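Student: Sequence and predicted structure are below.
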Amino acid sequence: MRGILKLAYKLLVNDKAKFTALLVGITFAVFLMVAMTSLFAGVLYRASATVINLGASVWIMDPSVQTVANTIGIPDYVLDAVRSMQGVNYAVPVYTGGALVKRSDGFYQAVNVVGLDDTSLFGRPQLLNGKIEDIYAENGFLVVKDTEFSKLNNPAVGTEFELNDHRGVVVGIAKVASSGLFGVPTLYTTYYRALQYIPNPRFTISYVLVEPKSPADVAKIKKQAQALGYLALTKDEFMTKISDFYMFQTGLGMNLLIMTIMSFIVGLSISGQTFYTFVLENLEKFGALKAIGSKSRELIATILFQASFTALTGYGLGVGLCAGTIALAKMRLPDYAAMIMFWNLALAFGMVVVIAAVSGYFGVRKVLQIEPFDIFRG
Amino acid sequence: MAASSVNPGSAATGLSNAAISATGLVKWFGQGEARTLAVREVSMEANFGEMLYIVGPSGSGKTTLLSVLSGILRPDAGSVTVEGSDIWKLSSDKLADFRLHKIGFVFQDYHLFPRLTTAENVAIPLILKRVSWSDAIQEAKKYLEVVGLRTRADLPPVKLSGGEQQRVAIARAIAGKPDILIMDEPTASLDGDTGHAIVSFVKQNVLNDKRCILIVTHDSRIYGLATRILKMEDGRLVSIEKGDVS
Ligand SMILES: Nc1ncnc2c1ncn2[C@@H]1O[C@H](COP(=O)(O)OP(=O)(O)OP(=O)(O)O)[C@@H](O)[C@H]1O
Ligand SMILES: [Mg+2]
C-alpha cells in the first residue's frame, strides 16, 4: 500500500497549479477561522480581567450579575453571614466601579477603581514601584501599568490627580496578569477610600471574595449562599458566565459564528471544487488504473489520502500563518488580544476534516462509477 | 475462406494450448428501442505463442469482445476460461487481481499519467502488485530498455513522440509479466511505418511461447505480422482470414 500512497502523493503534488490552489483555499479558510476565534478568545479572556487579577477562589454575588463589570451592590450583613458559613476560611469585601480622574493637565479620563479589603488587602497586585503599605497613606492609589497607563500621562510615584473632585496621589505602580477589555486605566485603593471617593447606592460591596477551607467546601458554600439569596461561583465558573454573556447576550457571538461559517464555506467551496476538478481531470487515468487491476479499496485509499494530505497540509500552513501573524501583531502591540487555544485549533481541525471528507466523498463516488470499458474504448 | 458454421474461433491445432478460451459470449448494450446486440454467441480460443488479430468493420463488436475477454466488461451470457476457471465467476477483487497478474493492456490513447515520469508510468503494475517503489522503478527501467527508451526514464511522457509514448504503454503493459497482451488499434494514432515497426517490435520482443497477444485492428498493413486473423461482422466471428481451420 505504501507504493500506492506514494503514487497518490505524486499524482497530487506534481500537479502544482491545482495543488497550490487547493492549499491556498484551505490555508486561507483555516487562517480566517483561527484568527477570528482566537481574537474572540482573547477578548473573552480580557472581559474577565478583574476576576483573573483579584484571583479569589470563590465569588459571591447577586444572582442577577451578568459580567464582572456590571456589579450589583451587596449589603454588609451578607459579608458577616458568609464569614460565619461552614467551610469558609476567610471572606473579604471588594469594591469595583468607575470614576472620573482629572489629570494634572486638566483633561478628564475615565478609570476603573478597585477597592481592596482594608485589613487584608486581598487581591493586591504586584508592585513594580512603591510600597504596598503606602496604600493606607492619605489619598493613596496604585496605578496599574498596562496599555492604558499612558492615558493618565504615565504617572510616577508622587503624581497627583483629582478623582471625583477628591485629591489622589500615586503611591505605587502595579502590574497585573490581564489588562481589561474596556480601554480605561485601573486604580487600586482600599475598600473604604473607594467608598468615600465614589458616590454609591445603599449597598456598597461589589463581591464577597471567599477562600474556602478546602476545595471540597465549595459545594457547601454554594448551598449556604443560595439559602441567603446569593450566588457563589468559583473563579472558573464566573469566567465562563462572563464569556457566555458576551457570546450569547451580545452580538459578538453571533457575528463570530457567521464569520466562522463563512470561512468554512469559502474554504469548502474553493478546496472542494478544486479537488473535484482534480479528480475529474484524472478520471480517465483512474479508469486506466482500474482496468490495469487496482481494486476499489486502493482507489478509495488513493483519493482519501490525497484529500487528507491536502487538508492537513493546509491546516498546518493556516495555523502557522495565524500564529505568525499574531506573534507579529503582539510584537507591535504587546497587548493585542488574541489567544490561540486548544478549542480554536480543534474547531479548525474539525472544519478541515469535514472539507477533506466532503471532497473525498465526491471524488471517490466519481471514481467508483467510472467504467474501465469506457476508458478502454477511448 | 472458411464457412461461418465451423466455429472460426477455435484454434488451428487440436492440442489444448489455450491461453484463453471463450464460449457462447453474448453482450447487449442499451435499453428498449436502442438495445443492440454487440457480441452474439462468440466462441473462440487464443493460444500461447499466438499473435491473434481480430479484424472487421467498424461497429462489428471487436472492442466489446476484447473487453469481455480481458475481464473489464461483463458478458450477458457465456464464459471466458483462463487456467481452467471462468473469470466472470470471480469476485470483483479477484477479477482485478486476474487483470493485474494475467493481462497487459495497451490502450488506444495510451492513458499515461502526464505528471509521472516515464519510468513511474511503467512501474504502475508493479506498484499495484506491491513491489516496493525503488524496486519497481528499477524494474521499470529494464522494460524501458527493452522498448529502447532507457534514456527517457525520467522525462514526463508528454515530452515523447507518439510512437515513443506507444512504446512506453507497451513497456507498462509487459512490466506486470502478463500471459496475455491486449492491444486495441495499436497503430491507429501512428503513421504507417511507425505502426508497422511497433507491432513488428512487439512480435519479436514480447511474443514468446508462454504468451499470447490479442490485437484488434483495421490496419491491413500489419496483417502480415499476425499468426492468425479472425474476422468479425455484426457481432459474430465469421471467418478466418489467415491461418488454418481444424
Ligand atoms: N457503451 C455502449 N453503449 C451502447 N452501445 C454500445 C456501447 N459500446 C458499444 N456499443 C455498440 O456496440 C457495437 C460494437 O461496438 P464496438 O466498439 O465493440 O465496435 P468495434 O468493432 O470495436 O468498432 P470500431 O472498429 O469502430 O472500434 C456498436 O454498435 C456500438 O455502437
Ligand atoms: Mg473498437
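Tutor: In hand now; what should we look at? Ligands and ions are numbered 1, 2, ... in the order given.

Student: So residue B:37 versus ligand 1, what's the distance?
Tutor: 8 Å (C-beta to the nearest ligand atom, to the nearest Å). (Glycine included, C-beta is placed from N, CA and C.)

Student: Export the helix or strand harbouring that residue to CSV, keeping only CA atoms.
Tutor: Taking DSSP states H and E as the criterion, residue B:37 maps to strand B:36-47. These are the backbone C-alpha positions of strand B:36-47, laid out as CSV (Å, rounded to 0.1, in the frame of the first residue of the first chain):
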residue,chain,number,x,y,z
THR,B,36,-28.3,-3.6,-29.7
LEU,B,37,-26.5,-6.9,-29.6
ALA,B,38,-22.8,-6.1,-29.9
VAL,B,39,-21.5,-9.7,-29.4
ARG,B,40,-23.6,-12.7,-30.4
GLU,B,41,-22.7,-16.2,-29.4
VAL,B,42,-19.0,-15.9,-29.9
SER,B,43,-16.8,-18.9,-29.1
MET,B,44,-13.1,-18.8,-29.6
GLU,B,45,-9.7,-19.7,-28.3
ALA,B,46,-6.3,-18.0,-28.3
ASN,B,47,-3.2,-20.0,-27.8
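
Student: The following helix or strand past that strand and chain A, any residue contact?
Tutor: Downstream of strand B:36-47, the first helix or strand assigned by DSSP H and E is strand B:51-55. No: Strand B:51-55 does not reach chain A (C-beta under 8 Å from any C-beta of the partner chain); its nearest approach is 14.1 Å.

Student: Can you spell out which helices and strands pack onto the next helix or strand after strand B:51-55?
Tutor: Proceeding N to C from strand B:51-55, the next assigned helix or strand is helix B:62-69, under DSSP H and E. Using 3 or more C-beta pairs under 8 Å, 6 or more residues apart in numbering or on different chains; DSSP states H and E, the elements in contact with helix B:62-69 are helix A:372-377, strand B:18-29, strand B:36-47, strand B:51-55, strand B:77-82, strand B:180-184, strand B:212-216.

Student: so how far is residue A:339 from residue A:263?
Tutor: Between residue A:263 and residue A:339 the computed distance is 18 Å (C-beta to C-beta, to the nearest Å).

Student: Give me the residues contacting the strand holding residue B:37.
Tutor: B:7-11, B:13, B:17-30, B:52, B:61, B:64-65, B:68-69, B:75, B:78, B:180, B:212, B:214, B:230, B:234-237 (C-beta atoms under 8 Å, 6 or more residues apart in numbering or on different chains).

Student: Likewise for stretch B:82-100?
Tutor: A:290-296, B:19-20, B:70-72, B:74-75, B:79-81, B:102, B:105, B:125, B:128-129, B:176, B:179-180.

Student: And for stretch B:220-238?
Tutor: Residues contacting stretch B:220-238 (C-beta under 8 Å, 6+ apart): B:4, B:7-9, B:11-12, B:37-44, B:49-57, B:60-62, B:65, B:187, B:192, B:195-196, B:199-200, B:203, B:215, B:239-243.

Student: Output the set of residues of chain B in proximity to chain A.
Tutor: B:63, B:66-67, B:72-73, B:92-93, B:96-101, B:103, B:105, B:107-109, B:111, B:113, B:115-116, B:120, B:124-125, B:127-128, B:130-133, B:136, B:176, B:184.

Student: Can you tell me which of these are classed as buried?
Tutor: Buried residues within the residues of chain B next to chain A, defined by neighbour count using 16 or more other C-beta atoms under 10 Å in any protein chain shown: B:63, B:66-67, B:72-73, B:96-100, B:103, B:105, B:107-109, B:111, B:113, B:115-116, B:120, B:124-125, B:127-128, B:131, B:133, B:136, B:176, B:184.

Student: now, which of those lie close to ligand 1?
Tutor: residue B:63 (C-beta under 6 Å from any ligand atom).

Student: Restricted to helices, list the buried ones among the residues of chain B next to chain A.
Tutor: B:63, B:66-67, B:96-100, B:120, B:124-125, B:127-128, B:133, B:136 (DSSP state H).

Student: are any of the contacts of stretch B:220-238 buried, and which?
Tutor: Judged by 16+ other C-beta under 10 Å, buried ones among those: B:8-9, B:11, B:37-40, B:42-44, B:50-56, B:60-62, B:65, B:187, B:195-196, B:199, B:203, B:215, B:239-241, B:243.

Student: before we move on, back to that, which of the contacts of stretch B:82-100 are buried? Put it as a PyMOL command.
Tutor: To isolate the buried members of the contacts of stretch B:82-100 in PyMOL, using 16+ other C-beta under 10 Å:
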select buried, (chain A and resi 290+291+292+293+294+295) or (chain B and resi 19+20+70+71+72+75+79+80+81+102+105+125+128+129+176+179+180)
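
Student: got a pLDDT number for the residue in chain B positioned nearest to chain A?
Tutor: Nearest to chain A in chain B, going by C-beta to the nearest C-beta, is residue B:100, at a distance of 2.7 Å. Turning to residue B:100, the model gives it a pLDDT of 95.

Student: Relative to residue B:81, how far out is the residue nearest the centre of chain B?
Tutor: Geometric centre of chain B, nearest residue: residue B:182, 0.8 Å, by C-alpha atoms, centre = their mean. Residue B:182 sits at a distance of 16 Å from residue B:81 (criterion: C-beta to C-beta).

Student: Any stretches of chain B with poor pLDDT?
Tutor: B:1-16, B:243-246 (pLDDT under 70).

Student: now do 90
Tutor: Scanning chain B with the threshold set as pLDDT under 90 gives B:1-17, B:32-34, B:107-110, B:146-148, B:162-163, B:186-195, B:197-198, B:205-206, B:218-220, B:238-246.

Student: How about the residues of it by ligand 1?
Tutor: Near ligand 1, when you scan chain B using C-beta under 6 Å from any ligand atom, you find B:29-30, B:36, B:38, B:58-64.

Student: residue of the stretch 201-350 of chain A with the smallest distance to ligand 1?
Tutor: residue A:287 (13.3 Å; C-beta to the nearest ligand atom).

Student: A strand includes that residue, no?
Tutor: No: according to DSSP: H, G, I helix; E, B strand; the rest coil, residue A:287 belongs to no strand; its state is helix.

Student: Counting neighbours, what do you get for the nearest residue to it once chain neighbours are set aside?
Tutor: Leaving out its chain neighbours, the residue that sits closest to residue A:287 by C-beta to C-beta, 6 or more residues apart in numbering or on different chains is residue A:375, at 3.5 Å. Neighbour count of residue A:375, defined by other C-beta atoms under 10 Å in any protein chain shown: 23.

Student: ok, now which ones touch residue A:375?
Tutor: Contacts of residue A:375 (C-beta under 8 Å, 6+ apart): A:284, A:287-288, A:290-291, B:107, B:111.

Student: now, the most widely separated pair of those residues?
Tutor: Checked with C-beta to C-beta, these reach their widest spread between A:290 and B:107, with 11.9 Å between them.

Student: Could you verify my assumption that residue A:205 touches residue A:75?
Tutor: Yes: using C-beta atoms under 8 Å, residue A:205 is in contact with residue A:75, at 7.5 Å.

Student: these two touch, right, residue B:174 and residue B:143?
Tutor: Yes: Residue B:174 is within contact range of residue B:143, at 6.2 Å (criterion: C-beta under 8 Å).

Student: So which of the two has more stuff around it?
Tutor: A count of neighbours by other C-beta under 10 Å puts residue B:143 above the other of residue B:174 and residue B:143, at 25 against 21.

Student: Can you report phi and psi for the residue nearest to that one when sequence neighbours are not counted?
Tutor: Excluding the flanking residues, the one nearest residue B:143 by C-beta to C-beta, 6+ apart is residue B:171, at 4.1 Å. In terms of degrees, to the nearest 10, the main-chain angles of residue B:171 are phi -60, psi -40.

Student: and residue B:171, how far is that from ligand 1?
Tutor: For residue B:171 relative to ligand 1 (C-beta to the nearest ligand atom), the value is 24 Å.

Student: Kind regards, and thank you for your time.
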